[in-house]
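Novice: predicted coordinates and the sequence they were generated for:
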Amino acid sequence: MREDYLKDALKIITDPNMLINVVSRRVKQLRRGNRPLVESLEKLSAEDTALREISEGKISFELSEA
C-alpha cells in the first residue's frame, strides 16, 4: 500500500477503522471484477486503487445508527 495514497484517503475518512472497512469492501468488489472508478497509467494494486477512489471522492460512505 502506498503511503501517499493512505495519507490522502485519511483526509477524507479520518477514522482509521472506518477507512479499513471501506477499503476492504471495495477491494473485494474490485477483485470480483468491478471496474475501477479511477484511471491510472501505472498498474495499481486493488488496495491502492480503492485508496485513490476514496481520496478523489469517487467513493462515499455512510455511518448507520445502531
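Specialist: Cool, the structure landed. Numbers count the residues shown, from 1 in each chain.

Novice: going forward, measure contacts and count neighbours with C-alpha atoms only.
Specialist: Will do.

Novice: for the longest helix along the chain, packing partners?
Specialist: When the chain is parsed with DSSP state H, its longest helix is helix 16-31. In terms of contacts (3 or more CA pairs under 8 Å, 6 or more residues apart in numbering; DSSP states H and E), helix 16-31 is packed against helix 3-12, helix 46-55.

Novice: tell me the mean pLDDT over the last one?
Specialist: pLDDT averaged over helix 46-55 equals 97, rounded to a whole number.

Novice: just the C-alpha atoms of stretch 41-52, please, in CSV.
Specialist: Taking only C-alpha atoms (Å, rounded to 0.1, in the frame of the first residue of the first chain), the coordinates of stretch 41-52 have been written out as CSV:
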residue,chain,number,x,y,z
LEU,A,41,-1.1,4.9,-16.1
GLU,A,42,0.7,2.5,-13.7
LYS,A,43,-0.5,-0.9,-12.5
LEU,A,44,-2.1,-0.3,-9.1
SER,A,45,-3.0,-3.0,-6.5
ALA,A,46,-6.6,-3.2,-5.6
GLU,A,47,-5.8,-1.6,-2.2
ASP,A,48,-4.1,1.4,-3.9
THR,A,49,-7.0,1.7,-6.4
ALA,A,50,-9.5,1.8,-3.5
LEU,A,51,-7.5,4.4,-1.6
ARG,A,52,-7.3,6.6,-4.7
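
Novice: next, the buried residues of it.
Specialist: By 16 or more other CA atoms under 10 Å, the buried positions in stretch 41-52 come out as 46-52.

Novice: tell me the pLDDT at residue 29?
Specialist: Looking at residue 29, the pLDDT reads 97.

Novice: what does residue 15 give?
Specialist: pLDDT, read off for residue 15, is 94.
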